[in-house]
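>>> Fold the following, please.
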Amino acid sequence: MSEPSPGPKRAAFFDVDGTLVRTTIVHYYAYFRLLNRPRWSAALWRAAFLCRCLGYLVLDKFDRSWFNVYFYRNYRGMCADEVRARAADCFETVMAPRLYADAARCVRDQAASGRMVVLVTGSIDFLIAPLAALLGVGQVIAPRLVERDGRFTGDLDGLPIGNGEKAARVKAFADAHGVDLEASFAYGDSIADLPMLECVGNPVAVNPDRALRAIAARRGWPVLRWTAVGDARGDARGDAP
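This next block holds a predicted model:
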């Protein structure tokens, strides 16, 4: 007598920057550009870069996906192997100290409940890999940078993962893995995450921006406030206090 086939799987989809960690793709790029610079050179670079960030901020408010496309052009010409080799140190220096403790616990609790945990992010794949490893997450939806002759071209391999494309990737993942989206959760902090949040039966706004906060209030979605950051390795692993 054959065993009954398992039912649909459940998942929990997490945005990363602003949701799990108090960072943006700008922090990671700045880390690489400031490596091994003398103090005076670092100060000059920061001053010039801050002026450019005003334009990035406007573009990000207008359209997150276009911001990602434009911003990643900054990686053009950088040695791919050198950047990848520094990914773990970038995580330790930039991301780990800004990981929300409640976020690490939430990821752990969702996994313990039997849901497949998936990180869905506009940040580059190799930069997110150390975070996924720390949190014990085996599924990551993230963009890749194109490289040619050992250097990044500044182009993304495919569409940027934000706005509607983030929702499309979640739906494609669900179809491929037999996930019941109505029984699944999604966590996001930005209005750019709205299409992904609308994909699932259990959307959760985390530290939402003004636009997302207003929508969450109208629709009765849960709103979480995660504030404590720092070395959350114990929370991520589930160590006893």
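>>> Show me how far the lengthiest helix in the chain is from its chain's centre.
If you go by DSSP state H, the chain has its longest helix at helix 39-62. How far helix 39-62 lies from its chain's middle: 21 Å, per C-alpha atoms, centre = their mean, to the nearest Å.
>>> Identify the residues contacting that helix?
Residues outside helix 39-62 that contact it (C-beta atoms under 8 Å, 6 or more residues apart in numbering) are 26, 30, 33-34, 37, 66-67, 70-71. In this view, the C-beta of every residue, glycine as well, is placed from N, C-alpha and C.
>>> likewise stretch 222-232?
Residues outside stretch 222-232 that contact it (C-beta under 8 Å, 6+ apart): 21-22, 96-104, 106, 187, 204-208, 213, 216-217.
>>> Ok, stretch 79-90 next?
28, 31-32, 35, 75, 126-127, 129-130, 145, 147, 150-152.
>>> at 6 Å what do you get?
Identification of contacts with stretch 79-90 by C-beta atoms under 6 Å, 6 or more residues apart in numbering yields 28, 31, 126-127, 130, 147, 150-152.
>>> okay if I get those residues as a markdown table plus secondary structure?
As requested, the contacts of stretch 79-90 are arranged in a markdown table below (DSSP: H, G, I helix; E, B strand; the rest coil):
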| residue | secondary structure |
| --- | --- |
| Tyr28 | helix |
| Tyr31 | helix |
| Phe126 | helix |
| Leu127 | helix |
| Pro130 | helix |
| Glu147 | strand |
| Gly150 | coil |
| Arg151 | strand |
| Phe152 | strand |
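>>> Neighbour-wise, give me the winner out of those.
Across those, neighbour numbers were computed from other C-beta atoms under 10 Å; Leu127 holds the maximum, 27 neighbours.
>>> what's the spacing between that residue and Val21?
11 Å (C-beta to C-beta, to the nearest Å).
>>> Please point out which parts of stretch 124-144 sit buried.
Residues of stretch 124-144 classed as buried under the neighbour-count rule (16 or more other C-beta atoms under 10 Å) are 124-132, 134-135, 137, 140-143.
>>> could you check the distance from Thr121 over to Asn68?
Distance check for Thr121 against Asn68: by C-beta to C-beta, it reads 10 Å.
>>> ditto for Lys166
The separation that Lys166 has from Asn68, given C-beta to C-beta, amounts to 11 Å.
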